[in-house]
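1. Got a predicted structure plus its sequence, pasted below:
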Amino acid sequence: MEKRIKNCVLIGASSVIVHHVAREFARSGASFLLIGRNQEKMQQVADDLIAYGASGAELAIAAMEDLLHWDLAKIREQTSRMGNVDLLLFGAGYLGEQVKAEVDDHEANAIIAANYTMPALILGRWALLFAEQKDGLIAVISSVAGERGRALNYYYASAKSGMSVYLQGLRGRMYRYGVDVCDVRPGYVRTPMTIGLKTGSLLFADPTQAGIEIFNGIAARRATVYAPWFWRWIMLIIRWIPETIFKRLRF
Amino acid sequence: MDTQYAYNSWGRVFHPTHAVYPVYWDQELFEIFRQVRAHGKSMLAHGFGRSYGDSCLNDQGALIVTPPLSKVKFFDAQAGIICCEAGASLSQLLDLIVPRGWFLPVSPGTKFISVGGAVANDVHGKNHHVAGTFGRHIKCFELMRSDGKRLICSPTENSELFAATIGGLGLTGFITWVEFGLIPIESDIMEVCVRKFDSLDEYLRIASEFDRSYTYTVAWIDCLAKGRSLGRGHLIAGEHHPAARGLRRIKGPHLPNVPIDLPNFALNSWTMSWFNQIYYHRMREKVTRFLQPTDSFFYPLDGIGNWNRIYGKRGMRQFQAVISQSKSQALASMLALISRSQTASFLAVLKTFGKLASPGLLSFPAPGFTLSIDFPDYGQRTMKLFRLLEDIVMAHGGRIYPAKDSMLSSDAFKAGYANLPAFVTQVDPGFSSSFWRRVYEGSETKEWKNALKTAS
């Protein structure tokens, strides 16, 4: 029987995708702990989740850097009121600027840290909680970009790719505890992150639709979820293009 | 600035250029306004672009695109009150409220509009004769003016701006959130009764009786029928069904989207006339009764994504006017004119508005008949027809709906909306729209003026 997801922790709670996925859990009365940097934005998300039916929505104000200092004891303390954590949904990330990163170490570092190093360290701490619980689900928003390096965004893409491989490993480690790990790979979704990207509007998904698809994937405890679904097939083709051809492509 | 979608209106007869600012968070608005002002541009909020003409466009100016601003602030499922940000679509809200036993107090013909747009156009629905316009159900909203000042508007607080903003075409400022009342329902099903009528006279005989016995009424008219059949059609009446199947949300049939513009010749007087014939006679009995999901009853066209592409590259124009109930002769002459032109499409709707007044200064509905008809844009020919229709409307003291309009003359606008002088004092100087410049400020382009001259 499918385990019901009741208690959810959202990291990067003001991300549009995380918010829309959370809404779907809220409809069936889930309760939330929202973790993020901007109190004002998170409060708005929390109010929205309550309106959608959430039985509770608490805030913890913390930037990613702060979360590096959360050890198991601190995590236990933060989630104690909630009880068992059924779902950790991790959606913090940073697209950055590829061209800037090529000449500016700070930008390059920021992209890699926000999309790989910091999430890897933070998830490591939370994994301890799940191992202790012997139950639950860890879902992380990576990206379809991580499936093949492109000249246009390879700092971001390689960090996301690293995250996907990390999640494969974590999945293996958590398997014996009965904890599932879900790698969520969104394509283009209309969010603040994709403002200004000039790509055919047919490829762009509406966040509500993406949210529903991701929710279904997580609820079904799939290892990898593409949103929208057709990206699974687009990426399959993209992975198959021989490198001699691929390196000449500009997209 | 965002260039990923083409921002246009539903009729696609205008070809504007905009600076586009999508807004995700309420607190970003101040900075966006500052940037727009720094570029010396005027601004206008833009939701889903479902207005037909240019009232949601701001050519050469800035569009502040609201759909990402769609969080719900609170939903009181005991009292039936919801408060949400302006970009929330009616579709989004229905998915939230219906399973908990509530429905929109007023539903226009599509659910793919924003709440901000519902306020700015003071939309009406099939229950106008008992519920009035959307504006009547608003408790309060917040308006942000171009100088960054935020004002809560309600019938008792900033009441002048409240009245000006309802139906105010987005010209009084940016609506950030809206709080409004809902109506209780017991199921997501409608009890529907369709009555065939074979002429306008018959419609006039039966309509008031239907309005007395049903909450929702609307008529489809075969605008291509001639002679004695002129004004024939189907009167569609409905009622929320008590607990037929509980409140589980039922999605209407989802047909494939129209992926590309159909060629212009796809819709011509022959194909449309055939279609209307079949549609009219499809119903054998004089009266049919059946059950239908609310989505199919209220939003029959929403099942076909981008149905405006059926009209091809030329685009389409809608004519919607209201004239007093005592002027049924004028209604008949309008229908005769339209039938003679043989250019109308399948989508022609007649409804009798009730007497409930809206709080909005520029609100369109008034007691009487409202006729709304889609036309493929045949250029001069369509323009000429619209001129003649407008003359009839003006001669009988009626008015034309800005949300649908693309051809209204300044004179007809000023004559139709008696509260215009009071409205103008509330307009935010930082806001403007293509419609407003064309129809009120009279800054029509040269081509447009010439076209008008040749048409009249």
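-> Nice, thanks for sending it over.
2. Quick one: list the elements packing against the longest helix along chain B.
-> Counting residues, the longest helix in chain B under DSSP state H turns out to be helix B:380-395. Helices and strands touching helix B:380-395, as assessed by 3 or more CB pairs under 8 Å, 6 or more residues apart in numbering or on different chains; DSSP states H and E, comprise strand B:316-323, helix B:328-341, strand B:368-376, strand B:399-400, helix B:410-416, helix B:446-455. (Glycine included, C-beta is placed from N, CA and C.)
3. OK, contacts around whichever residue of the stretch 51-200 of chain A sits closest to chain B?
-> Residue nearest to chain B within the stretch 51-200 of chain A: A:A51 (3.8 Å; CB to the nearest CB). Shown in contact with A:A51 (CB atoms under 8 Å, 6 or more residues apart in numbering or on different chains): B:V72, B:K73, B:F74, B:F75, B:I82, B:C84, B:L96.
4. now do B:P184
-> B:G80, B:G101, B:W102, B:F103.
5. what's the burial count for the second one?
-> What that stands for is B:G101. Residue neighbour count, defined by other CB atoms under 10 Å in any protein chain shown, stands at 16 for B:G101.
6. list the contacts for it?
-> Here B:G101 is in contact with B:A77, B:P184, B:I185, B:E186, B:L247 (CB under 8 Å, 6+ apart).
7. pull the longest helix from chain A.
-> helix A:154-175.
8. and residue 219, backbone torsions?
-> Defaulting to chain A. phi -60, psi -30 (degrees, to the nearest 10).
9. ah, no, chain B please
-> phi -120, psi 140.
10. Could you measure from it over to B:S114?
-> Relative to B:S114, B:A219 is positioned 28 Å away (CB to CB, to the nearest Å).
11. what's the closest non-adjacent residue to residue 221?
-> Went with chain A since none was named. Of all residues not flanking A:R221 in the chain, A:D180 sits nearest, at 4.7 Å (CB to CB, 6 or more residues apart in numbering or on different chains).
12. actually chain B
-> B:G233 (4.1 Å).
13. How many neighbouring residues does the one you found have?
-> B:G233, neighbours per other CB under 10 Å, totals 26.
14. now B:P365
-> Applying other CB under 10 Å, I find that B:P365 has 24 neighbouring residues.
15. cool, B:L29 as well?
-> So B:L29, with other CB under 10 Å, has 19 neighbours.
16. hang on, it packs against B:F174?
-> Yes - using CB atoms under 8 Å, B:L29 is in contact with B:F174, at 6.5 Å.
17. who touches both of these two?
-> B:I64, B:M144.
18. so where's the chain uncertain?
-> All of this is about chain A. Along chain A, segments meeting pLDDT under 70 span A:1-3, A:196-202, A:251.
19. my bad, chain B
-> B:1-6, B:244-246, B:252-256, B:443-456.
20. quick one: contacts for the residue nearest to B:P376 when sequence neighbours are not counted?
-> Distances taken as CB to CB, 6+ apart place B:Y311 nearest to B:P376, at 4.8 Å, with adjacent residues excluded. Taking CB under 8 Å, 6+ apart, we find B:Y311 in contact with B:R12, B:L262, B:L267, B:S345, B:D374, B:P376, B:D377.
21. among the residues you listed, which ones are buried?
-> Burial by neighbour count, judged by 16 or more other CB atoms under 10 Å in any protein chain shown, picks out B:R12, B:L267, B:S345, B:D374, B:P376, B:D377 from these.
22. that older thread, report the buried members of the contacts of B:P184.
-> Here, 16+ other CB under 10 Å leaves B:G80, B:G101, B:W102, B:F103 buried among these.
23. mind listing which of these are in helices?
-> Short answer: the buried ones among the contacts of B:P184 have none in helices (DSSP H).
24. Any chance of JSON lines for these, columns distance to B:S208?
-> Listed next are those as JSON lines, based on distance: CB to CB, whole Å:
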{"residue": "B:G80", "distance to B:S208": "30"}
{"residue": "B:G101", "distance to B:S208": "31"}
{"residue": "B:W102", "distance to B:S208": "30"}
{"residue": "B:F103", "distance to B:S208": "25"}
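25. closest to A:L121 among these?
-> B:W102 (45.5 Å; CB to CB).
26. need the contact list for that closest one.
-> B:W102 touches B:A77, B:G80, B:I82, B:L182, B:I183, B:P184, B:I185, counting by CB under 8 Å, 6+ apart.
27. What residue, apart from its backbone neighbours, is nearest B:D211 spatially?
-> Per CB to CB, 6+ apart, closest to B:D211 is B:H129, 4.8 Å.
28. Leaving out the residues flanking it, which one is nearest to the spatially most central residue of chain A?
-> Nearest residue to the geometric centre of chain A (CA atoms, centre = their mean): A:I141, 2.1 Å. What sits nearest to A:I141 in space, not counting adjacent residues and going by CB to CB, 6+ apart, is A:G91, at 4.3 Å.
29. Would you check that the one you found makes contact with A:G12?
-> Yes - using CB under 8 Å, A:G91 is in contact with A:G12, at 4.1 Å.
30. what residues do those two have in common as contacts?
-> Shared contacts of A:G91 and A:G12, defined by CB under 8 Å, 6+ apart, comprise A:V18, A:I141.
31. separation between the closest residue to B:V65 other than its chain neighbours and A:G12?
-> Take B:V65 and drop its neighbours on the chain: the residue closest to it by CB to CB, 6+ apart is B:P22, 4.4 Å away. Going from B:P22 to A:G12 by CB to CB gives 20 Å.
32. Check A:E243 too.
-> 33 Å.
33. next one: A:T117
-> 15 Å.
34. How about B:K196?
-> In terms of CB to CB, B:K196 sits 57 Å off from A:G12.
35. higher neighbour count, those two?
-> More neighbours surround A:G12 than the other of B:K196 and A:G12, with 23 against 18 (other CB under 10 Å).
36. That one contacts A:V18, correct?
-> Yes - with contacts counted by CB under 8 Å, A:G12 reaches A:V18, the gap being 5.6 Å.
37. shared neighbours, the two?
-> A:G91, A:I141.
38. Quick one: the helices in the chain, in order.
-> If you meant another chain, say so; for now it's chain A. So, for chain A - with DSSP H - the helices run A:16-27, A:39-51, A:64-67, A:72-79, A:98-103, A:105-112, A:118-133, A:154-175, A:207-219, A:231-240, A:243-246.
39. Actually, chain B is the one I wanted.
-> Using DSSP H, helices in chain B cover B:29-38, B:90-97, B:115-120, B:128-131, B:159-165, B:200-213, B:269-282, B:294-298, B:328-341, B:380-395, B:410-416, B:420-424, B:434-435, B:446-455.
40. Quickly compare those helices and say which is most buried.
-> helix B:115-120 (a mean of 29; mean count of other CB atoms under 10 Å in any protein chain shown).
41. Name the nearest residue to B:S154, ignoring sequence neighbours.
-> Here the residue nearest B:S154, using CB to CB, 6+ apart, is B:C140, at 3.7 Å.
42. hang on, isn't the one you found packed against B:L151?
-> No - using CB under 8 Å, B:C140 makes no contact with B:L151, being 10.3 Å away.
43. which bits of the stretch 1-150 of chain A sit near chain B?
-> A:V16, A:R27, A:E40, A:K41, A:Q44, A:V45, A:D47, A:D48, A:I50, A:A51, A:Y52, A:G53 (CB under 8 Å from any CB of the partner chain).
44. Could you check how many residues crowd around the fourth one?
-> Okay, so that is A:K41. A:K41: 21 neighbours (other CB under 10 Å).
45. Quick check: it vs B:F30, distance?
-> According to CB to CB, A:K41 and B:F30 sit 15 Å apart.
46. likewise the third one?
-> A:E40 sits at a distance of 13 Å from B:F30 (criterion: CB to CB).
47. ok, now the first one?
-> The span separating A:V16 from B:F30 equals 20 Å under the rule CB to CB.
48. Report the contact partners of B:I250.
-> B:D188, B:I189, B:P293, B:T294, B:D295.
49. Please name the bridge partners of the third one.
-> The one in question is B:P293. In this entry, B:P293 is beta-bridged to B:I189, by DSSP bridges.
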